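[1] Coordinates for the following, if possible.
(2 chains)
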There are 2 protein chains.
Amino acid sequence: MIEIVSIGAELLTGQTVNTNASAISKALLKRGFGVSHVTTVPDHHNSMKRAIEEAMNRASVVITTGGLGPTGDDITRITLAEIFGKKLVYDENVAAELERRYGKELETLADQATVIEGAHVIPNPLGTAPGFILKKEEKTVIVLPGVPVQMQEMLEKSVIPYLEETQKRHLFEHAVYLFLMSEQHVDPFLRSLEAKNPKVEFGICPSYGTLSIYLRAQAQSKEEAEERFAPILFALREKFKHRIFSEKHHDIEYAVHEQFIARGLTLACAESCTGGRIASRLTKISGCSDYFLGSLVTYSNHMKTTVLGVKPETLNTHGAVSRETVIEMVLGTLSLSSADYALAVSGIAGPTGGTEEKPVGTVWGAIGHKRGDVFAGLLSLKGTRKRSTLIEYSATYLLSHLWRYIQFDIPPFEGS
Amino acid sequence: MIEIVSIGAELLTGQTVNTNASAISKALLKRGFGVSHVTTVPDHHNSMKRAIEEAMNRASVVITTGGLGPTGDDITRITLAEIFGKKLVYDENVAAELERRYGKELETLADQATVIEGAHVIPNPLGTAPGFILKKEEKTVIVLPGVPVQMQEMLEKSVIPYLEETQKRHLFEHAVYLFLMSEQHVDPFLRSLEAKNPKVEFGICPSYGTLSIYLRAQAQSKEEAEERFAPILFALREKFKHRIFSEKHHDIEYAVHEQFIARGLTLACAESCTGGRIASRLTKISGCSDYFLGSLVTYSNHMKTTVLGVKPETLNTHGAVSRETVIEMVLGTLSLSSADYALAVSGIAGPTGGTEEKPVGTVWGAIGHKRGDVFAGLLSLKGTRKRSTLIEYSATYLLSHLWRYIQFDIPPFEGS
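    Model (predicted):
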């Protein structure tokens, strides 16, 4: 098995979320390598040393991230040299490469060209700190920098090819992603499948309006694992026919992205309470300009009127959070964008601004097509209280209703 | 010291990022409690048991998250009962409370009302799984569910008051946040301060266009720590006068939020390549409607024209990514929103769409005031290649230039 040791004081003060550990786990699992344990320690000599040694006792491969930069608080190299009983030496090749890319004036050149004697150097095409592969008897330690983009590039280019050559694949996963369902409605069915398939491990994980089902199996090959997954997948696809939006991407925005591009459709949005979150989720995906035209984030009532043409009477009579307003928002968006589909959302994300009649969590959505069909409905957000959660759920629900409408012709907001 | 054990297979497959560990660390550090170690293990009996026992050997307080829900893969309670040599028992009080809130028909009631004998039960006001406090000699294990909103509520309402009553405060931190600076330019000065202040630990952490400097000290009280930080803070504030935007919030959007509200100003945006990310970052903060009017995410050229009034000749002659286009975007936004300030951004976020003349990373920004002043400039994004990184940097830079302009009257895009 493989373990990760994440190094950095900032990971233990909550200032930085440990995204590296999950990025590594995800990339490795895709290739059949499971991560069994993650340890996070500060960049203090003793904690690091103990954590790396303990991980080496449990696992055959240990990947460390962090503590390789040139700044004063980075002492990973020194600690590793000690663990492996090696010296730190100046590496002419690393120095020459750094000089070529950054010039002689790079202040940290001498520091960054200092490597662990005998280590295999992993080049860092996006930064100054190289990585290392260290071996001692049956144990391998792979040392990567903590800056996520650099780490990821080195993982994909150097570490994964190295693992594929030297390690046996052993763990495989298949995920199924559902929307507009709650964990309680899926769990009993999963338990029954689990009882019939003892060699497959089941996981279920809700996340802001979607539900992920994970199947995992220890196997020698991908084919062997897939054979075990097959009857389970057949049952799940049958049972949750109109609830499965993907078996590839956790986020509904990928399904929307692929759907719109495959069908040659275009989309525009009008957002109030989600404040650009829908647009931001859609546009994080490269190639979105092929279908996504824009999103008019009209937070003020004034902009709802000047930009989208929502009538002041509508706002006065029904309020900004109402069926009438979101319908006018959709119509305004369709007209400004010439999109095939438009969606609109307006609600009270809180924590303030709620009233008895319209409490925090009251969110209206609308979906319209250029030929004139418009649907509107209240989203199901009872009991959700936190602002960021409400925004995330609203975005996910809107995109889910849109995708399901186009995919299965199920009218949006039904049974939501 | 305190350790965290995060439990859940999904944390080791990369499907879920371990945000709980950082949220706990952050909340504890604010009260003077340091977290020394985080272990992440799957919800397998043996791994969990070993991880919790190892953590109990090292630390006096261990906080676990995850594995308390009613679904089949949750076995934290069983494992903890074993570690503490206790039985699982049905708790009438917990059952009565669940019935009061969810009704008799709650399928998981019997399961969720089963607690570890002798444990102090922590109520979960937002979910069905209660938490526990377990004690054995000098060791305390605090057991929380993995759902972030539930965990956080229980942490603030029950766990922190308990720790404040039973544990000594020992670690304090002060952060200083800078923008428009690189690590290399700050590090030598920090090293010189570090040499003069051996009882303070220094950390530096770059993150998408901002730079965080952390000072940490072991101390008996907040006052003692602050006394040690004082001369360092004095030196930093002097040296980086126009680069420090906050000593409170890591994210520049909080500084903008506070600045605009304090000065009674309003803001609207026009976004192309950032795709709503600026709006999304601003609107995640409660109360933003006091100054934020909206953001017109015009991804297509057509919408730049129909919504913002950018002239088709401008787009044809100079392209969507140009000084001329962002200036017209700002002017259109000022007029539609009646905001005091507007900003606009248009660029090539990649990975496709770059040309020799305008490679990926070419991002134009503009900032304008309703009285007519408009500034435009190219953002400094050389070498940044990843789409999400480019979007994040662009948003941070734009907001940084805006805040600095209003705060210090330094013209935007100078020296960027």
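[2] Tell me which residues of stretch A:290-301 come out buried.
    A:291-301 (16 or more other C-beta atoms under 10 Å in any protein chain shown). (Glycine included, C-beta is placed from N, CA and C.)
[3] helices and strands around the helix or strand hosting A:I213, which ones?
    A:I213 belongs to strand A:210-218 when assigned by DSSP states H and E. Strand A:210-218 is packed against strand A:171-179, helix A:183-196, strand A:201-207, helix A:222-239, helix B:9-12, with contacts defined by 3 or more C-beta pairs under 8 Å, 6 or more residues apart in numbering or on different chains; DSSP states H and E.
[4] A:R323: which of those is closest?
    Closest approach to A:R323 among the helices and strands packed on strand A:210-218 (C-beta to C-beta): strand A:171-179, 22.5 Å.
[5] Paired strands for that closest one, with orientation please.
    strand A:210-218 (antiparallel), strand A:244-246 (antiparallel) (DSSP bridges).
[6] any chance of the ones you listed in CSV, plus mean pLDDT and mean neighbour count?
    Below are those laid out as CSV (pLDDT from 0 to 100; neighbours: other C-beta atoms under 10 Å in any protein chain shown):
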stretch, mean pLDDT, mean neighbour count
strand A:210-218, 93, 21
strand A:244-246, 97, 21
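[7] export those strands to a markdown table and tack on distance to A:S192?
    Below are these laid out as a markdown table (distance: least, C-beta to C-beta, whole Å):
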| stretch | distance to A:S192 |
| --- | --- |
| strand A:210-218 | 13 |
| strand A:244-246 | 18 |
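[8] picking that back up, just the CA coordinates of the strand holding A:I213, formatted as PDB?
    Only the C-alpha atoms of strand A:210-218 are listed here, as PDB (Å, rounded to 0.1, in the frame of the first residue of the first chain):
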ATOM      1  CA  THR A 210     -25.600  15.100  -5.200                       C
ATOM      2  CA  LEU A 211     -25.000  11.600  -3.900                       C
ATOM      3  CA  SER A 212     -22.000   9.500  -4.800                       C
ATOM      4  CA  ILE A 213     -22.000   5.700  -4.700                       C
ATOM      5  CA  TYR A 214     -18.600   4.100  -4.700                       C
ATOM      6  CA  LEU A 215     -17.800   0.500  -5.400                       C
ATOM      7  CA  ARG A 216     -14.300  -0.600  -4.600                       C
ATOM      8  CA  ALA A 217     -12.500  -4.000  -5.100                       C
ATOM      9  CA  GLN A 218      -9.100  -5.400  -4.400                       C
END
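[9] contacting residues around it?
    A:170-179, A:181-183, A:186, A:190, A:199-206, A:224-225, A:228-229, A:232-233, A:236, A:245, A:250-252, A:396, A:400, B:9-10, B:13, B:15 (C-beta atoms under 8 Å, 6 or more residues apart in numbering or on different chains).
[10] if you set the cut-off to 7 Å instead, what comes out?
    Here strand A:210-218 makes contact (C-beta atoms under 7 Å, 6 or more residues apart in numbering or on different chains) with A:170-179, A:181, A:183, A:186, A:190, A:199-205, A:225, A:228-229, A:232, A:236, A:250, A:252, A:396, B:10, B:13, B:15.
[11] A:V310: which element?
    Using DSSP H and E, no helix or strand contains A:V310.
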